[in-house]
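Participant: next comes the sequence, and after it the predicted model I'd like to discuss.
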Amino acid sequence: MDLVAIIGLNVLSGIASLVLISLGLAIIFGMMRIINLAHGEFLMLGAYATVVSTNLGVNVWIAMLVVSPIFVGLVGLLIERTLIRFLYGRLVDTMLATWGLSLFIVGLITTIFGNTIKGVPTPLGGFQVGAYRSDLYTLVLAFVALALLVAVVVVMRFTRFGLIARATMQNPNMASALGVNPTRIYMLTFGIGAAVTGLAGGLLAPVSGVSPTMGSAFIAKAFITVVGGGASILAGTASAAMLFGFINQLGSYFTTPVFGEVILLVAATVLIRILPEGITGRFFKGSL
Amino acid sequence: MRRFPLPMPVVVLGLLAAVLVGVAPQLVDTFTLMQWTVFLAMGVLALSLGFIWGFGGILSFGQAAFFGLGGYAYAVAAFNFPNSVVPLICAVVVPTVFAALLGYFMFYGRISNVYIGVITLTVTLILFNVFNSTAGDAYRIGAAALGGFNGIPSVPGITLPFNDYAFAPEDNWYLTGGCLIAIFLGLRLLLASHFGRVVVAIRENETRASLLGYDPRLYKLLAFVIGGGIAGLAGCLYTLWGAFISPTIFGLATSAQIIIWVMIGGLGTLIGPVLGAIAIQELITAIGTQQALDANLVLGIILLVFVLLMPAGVVPVVERLTSRLWRGRKLSRAAVVAAARDEIAVPMVEPPGGAPARAGE
C-alpha cells in the first residue's frame, strides 16, 4: 500500500515536471507555430535567475515565483523584437535561428558564470509514507503545475486578451482585418511563453543541478511532450504529460531512470507513427 | 553510349584532392597531419547531412546520433574481434539499421520536416543520456566496457586480416582522405542517377513526385538511411583518429556543428558542407587555444548571422557571382544589365494598390 502511494507520488511528480517544462514551449508553438529550440536555455536562465537572486539574499520563494518569470519574460520580449519577428512564416529558419540563440546563451552564461554546477537547497522538508520518505517540494511542483494549467484556461477562456489570442491563433489575417495587431499579440505570447518557462526553470533549480548546459536535459522531454500532445496548448500538454509521465516513471521504477527515458522515447515515436498530429490532432480536436 | 555522368570540373577536383591526400604526409609534420585527418573525417560527416538536407530536403538535427553510433559500434567491435574487418562493417551497419528503424517511423508516419528535426534531436539527446550512464561493470559488450561519461579509451586501430600490420597516423590519413573523396564522388554519381533525381524531385515538390508514381516515403527513407551509414563511417574515422570515444559525441554541440557546416558551406551543394566543416573546425581549434571566448558563443553568433543574412550559404553565392561574371564576358554589357534587372526587379515591382498589372487596363 505504501509502495503504491509512493509510486503514485512519483508518477504525479513526473507528470508535474513534464507539464512545467513543456507548457511554455506549447504556448509558443500552439499560438505562433514557432519551434523554439532555445527553450532549454530559457529554463536554464530561469534557474540562474533563482540562484543569483537567492545568493543576493532574496527569499527563495520570491526568487522562484517572481524574479525568474519576470526576468526570462523580459529576455523573451527582447529576443522576439530582435530576432524572431524577422522569421515569422519561415519555420525551418526559425528552428535554426533559435538553435543559434541557444548556443549563444549557453556560451554567454558559461563566459559569465563558468562551467560549474550551482545549486539551491530544496526548501521544505520531507514527509513519511509508511516505510518510505518523500519530498514536500514534490507536492509544490504538482500544485504549481496544476495552477498554471488552470491559469491558461482562465486567461484563454475568460479574458479579452485570451479571446484575441485565440482568434489570432486560428486566423491571423482575419484577426488583423478586424483591427487586432497580430505583431503585438505574437510579441506578448512569446513573452508569456518565456515567462512560464522561466518560472519552470526557477522551480526546477532546487531539484536539479544548475549549469549552463542543463537545458539539454529538459529539452528532449519538453519537445516529446509538445509533439506528442499536438497543437492544442492545454489539452495537448496535459494529456501528453500524463501519458508520458506515467510511462516514464513506471519504466524508471521497473528498470533504471535512464531506461525510463528510452522507454519514453520509444513510446513517443510509436505514438507519432500512429497519430502524426499528436494526441489532440485526433481526440480533442479544436480544444484549447 | 551513355554520357559519363560526372562533369569535368568534378573529375578534376577529385584528382586534385587525391594528389593532395597522397603528398600531404611528405609536406607537413605528423601533428598537423593528424589535425587535418580529423577535419577530413568531419568533412565526411558534413557530406552525410549535406546529402540528406541539401538534396533530400530532410532536416535532421540528429546526424550526431549516427555519427556516435558508428564510432561506438567500431570501438565495441574492435575490442571483440582480432582484425578490423568486422568492426568496420559494424561501424556502417549499426547506424544504417538504426536510421532505417527511425526513418520508418518518421517517414511512414508522414510527419513534417519540422517534427523530423525535433525527433532526431531528441533521439540524439536520449542516446547521450544512455551512453552517459553506462559506467560500471554491468555495462560491457563482450570485452568492451562502455565506460559511461569517461568513454572508451585506447580503442584498437585498424589491423589487417592477412598480416599483423597496424595502421599508423599516415595510414589513417590516407584512409580518411580516400573515404572523403570516394564518398564525395559516390554521392555525385548517386545524384546523377535515376534515384538521385527522384530524391531531388521529391525535395522540390513532394505531391507532384508522388502523383508521378514515386513513393516519397520510400525515397526519403532510403536517402536518410544512406546519410546514416555515411555518418556512421565518419564516426568510425573519428574514433580511429583519436583512439577514443565518449558520449559527448552525441551532445548538442556536435549536432549543432554539423548543421552549421552545411548551412555556412551551402545547402544543395556537396563541396560546400565539406569546406564549411574544415573552416569551422579550424576556427574552433583556434578558439580552443585561447581562453577569452567560449566556442558555443561564437558558433551561435555565426549560425544566427547566416540564418538572418545569408541563408543560402557561401558556395551558392560564390557560384552565382562567378557565373554572372562568366556570363558577363560572353554577353554584351547591356544584356547583362537587363538580365540583372529582371532578376532583381521581379519581387520588388508591385503595382500600387496591390492589384496585378495587366496590359490594357
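Facilitator: Arrived safely. Bear in mind the structure is a predicted one, so any value in this text is a computation, not a measurement. Residues are numbered from 1 along each chain as shown, chains lettered A, B, ... in the order given.
Participant: skip the chain neighbours and tell me the closest residue to A:Leu264.
Facilitator: Nearest residue to A:Leu264 in three dimensions, chain neighbours excluded: A:Asn248, at 4.4 Å (CB to CB, 6 or more residues apart in numbering or on different chains). Where C-beta positions appear, they are placed from N, C-alpha and C, glycine not excepted.
Participant: number of residues surrounding that neighbour?
Facilitator: A count of nearby residues for A:Asn248, using other CB atoms under 10 Å in any protein chain shown, gives 28.
Participant: contacts only, for it.
Facilitator: Contact partners of A:Asn248, counting by CB atoms under 8 Å, 6 or more residues apart in numbering or on different chains, are A:Gly14, A:Leu18, A:Lys221, A:Gly260, A:Glu261, A:Ile263, A:Leu264.
Participant: can you list those residues in a markdown table and add secondary structure, neighbour count and distance to B:Gly272?
Facilitator: Output for the contacts of A:Asn248, formatted as a markdown table (DSSP: H, G, I helix; E, B strand; the rest coil; neighbours: other CB atoms under 10 Å in any protein chain shown; distance: CB to CB, whole Å):
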| residue | secondary structure | neighbour count | distance to B:Gly272 |
| --- | --- | --- | --- |
| A:Gly14 | helix | 24 | 44 |
| A:Leu18 | helix | 29 | 40 |
| A:Lys221 | helix | 26 | 34 |
| A:Gly260 | helix | 19 | 41 |
| A:Glu261 | helix | 23 | 36 |
| A:Ile263 | helix | 18 | 40 |
| A:Leu264 | helix | 28 | 37 |
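Participant: element containing A:Ser17?
Facilitator: Assessed by DSSP states H and E, A:Ser17 sits inside helix A:2-32.
Participant: by contact count, what packs against that helix?
Facilitator: Using 3 or more CB pairs under 8 Å, 6 or more residues apart in numbering or on different chains; DSSP states H and E as the contact criterion, the elements in contact with helix A:2-32 are helix A:39-55, strand A:126-129, strand A:132-135, helix A:136-158, helix A:160-170, helix A:182-204, helix A:215-229, helix A:234-254.
Participant: which other residues reach the fifth one?
Facilitator: This points to helix A:160-170. The contact list for helix A:160-170, computed with CB under 8 Å, 6+ apart, reads A:30-31, A:155-156, A:174-175, A:178, A:180, A:182, A:185-186, A:188-189, A:288.
Participant: if we go to 6 Å?
Facilitator: A:Met31, A:Val155, A:Met156, A:Ala175, A:Val180, A:Pro182, A:Ile185 (CB atoms under 6 Å, 6 or more residues apart in numbering or on different chains).
Participant: then stretch B:263-282?
Facilitator: So stretch B:263-282 is in contact with B:39, B:42-43, B:46, B:50, B:54, B:184, B:187, B:260-262, B:306, B:313-316, going by CB under 6 Å, 6+ apart.
Participant: ok, and the most crowded of those residues?
Facilitator: Ranked by neighbour count (other CB under 10 Å), the contacts of stretch B:263-282 have B:Ala46 at the top, with 32 neighbours.
Participant: I'd say that residue and B:Ile260 touch.
Facilitator: No - contact between B:Ala46 and B:Ile260 fails when scored by CB atoms under 6 Å: they sit 9.7 Å apart.
Participant: grab the nearest non-local neighbour of residue 201.
Facilitator: Defaulting to chain A. Counting by CB to CB, 6+ apart, A:Gly46 is the residue found nearest to A:Gly201 once chain neighbours are left out, at 2.4 Å.
Participant: to clarify, I was referring to chain B.
Facilitator: Leaving out its chain neighbours, the residue that sits closest to B:Ala201 by CB to CB, 6+ apart is B:Ala209, at 4.7 Å.
Participant: and A:Pro182, by the same measure?
Facilitator: Distances taken as CB to CB, 6+ apart place A:Pro172 nearest to A:Pro182, at 4.6 Å, with adjacent residues excluded.
Participant: quick one: the one you found from chain B, how far?
Facilitator: When CB to the nearest CB, to the nearest Å is the yardstick, A:Pro172 and chain B sit 18 Å from each other.
Participant: from chain B, how far out is A:Leu141?
Facilitator: If you measure A:Leu141 against chain B using CB to the nearest CB, the figure is 21 Å.
Participant: just give me the neighbour total for that residue.
Facilitator: Residues contacting A:Leu141 under the criterion other CB under 10 Å number 22.
Participant: how near is the closest residue to it other than its chain neighbours to chain B?
Facilitator: Nearest-residue entry for A:Leu141: A:Ala16, 4.6 Å, with adjacent residues in sequence omitted and distances by CB to CB, 6+ apart. Using CB to the nearest CB, one obtains 21 Å as the distance from A:Ala16 to chain B.
Participant: all helices for chain B, in order.
Facilitator: B:8-27, B:30-54, B:63-80, B:85-108, B:113-132, B:169-192, B:194-204, B:206-211, B:216-242, B:252-265, B:271-288, B:295-309, B:314-330, B:333-348 (DSSP state H).
Participant: and the stretch 51-200 of chain B, which of its residues are near chain A?
Facilitator: Proximity of the stretch 51-200 of chain B to chain A, by CB under 6 Å from any CB of the partner chain, involves residues B:59, B:105, B:109-111, B:114-115, B:117-118, B:122, B:125-126, B:129-130, B:133.
Participant: can I have the buried ones of these as a PyMOL selection?
Facilitator: Of those, the buried ones can be selected in PyMOL as follows, counting by 16 or more other CB atoms under 10 Å in any protein chain shown:
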select buried, chain B and resi 59+105+109+111+114+115+117+118+122+125+126+129+130+133
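Participant: farthest pair within the residues of the stretch 51-200 of chain B next to chain A?
Facilitator: B:Arg110 and B:Ser133 (33.7 Å; CB to CB).
Participant: how about the contacts of helix A:160-170 in CSV, adding neighbour count and pLDDT?
Facilitator: Supplementary listing: these in CSV, determined by neighbours: other CB atoms under 10 Å in any protein chain shown; pLDDT from 0 to 100:
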residue, neighbour count, pLDDT
A:Met31, 24, 81
A:Val155, 13, 87
A:Met156, 19, 84
A:Ala175, 19, 84
A:Val180, 17, 84
A:Pro182, 18, 82
A:Ile185, 21, 86
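Participant: among those residues, which one sits closest to chain B?
Facilitator: For chain B, the nearest member of these is A:Met31. The distance, counting by CB to the nearest CB, is 15.6 Å.
Participant: still on that earlier bit, quick one: the helix holding A:Ser17 to helix A:234-254, angle?
Facilitator: Using axes from the mean of the first three to the mean of the last three CA atoms, to 10 degrees, the interaxial angle of helix A:2-32 with respect to helix A:234-254 works out to 140 degrees.
Participant: quick one on the thing from earlier: may I see the helices of chain B organised as JSON lines, with mean pLDDT added?
Facilitator: Compiled in JSON lines, the helices of chain B are given as follows (pLDDT from 0 to 100):
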{"stretch": "helix B:8-27", "mean pLDDT": "81"}
{"stretch": "helix B:30-54", "mean pLDDT": "90"}
{"stretch": "helix B:63-80", "mean pLDDT": "91"}
{"stretch": "helix B:85-108", "mean pLDDT": "91"}
{"stretch": "helix B:113-132", "mean pLDDT": "84"}
{"stretch": "helix B:169-192", "mean pLDDT": "90"}
{"stretch": "helix B:194-204", "mean pLDDT": "92"}
{"stretch": "helix B:206-211", "mean pLDDT": "90"}
{"stretch": "helix B:216-242", "mean pLDDT": "93"}
{"stretch": "helix B:252-265", "mean pLDDT": "87"}
{"stretch": "helix B:271-288", "mean pLDDT": "87"}
{"stretch": "helix B:295-309", "mean pLDDT": "86"}
{"stretch": "helix B:314-330", "mean pLDDT": "75"}
{"stretch": "helix B:333-348", "mean pLDDT": "50"}
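Participant: many thanks, have a good one.
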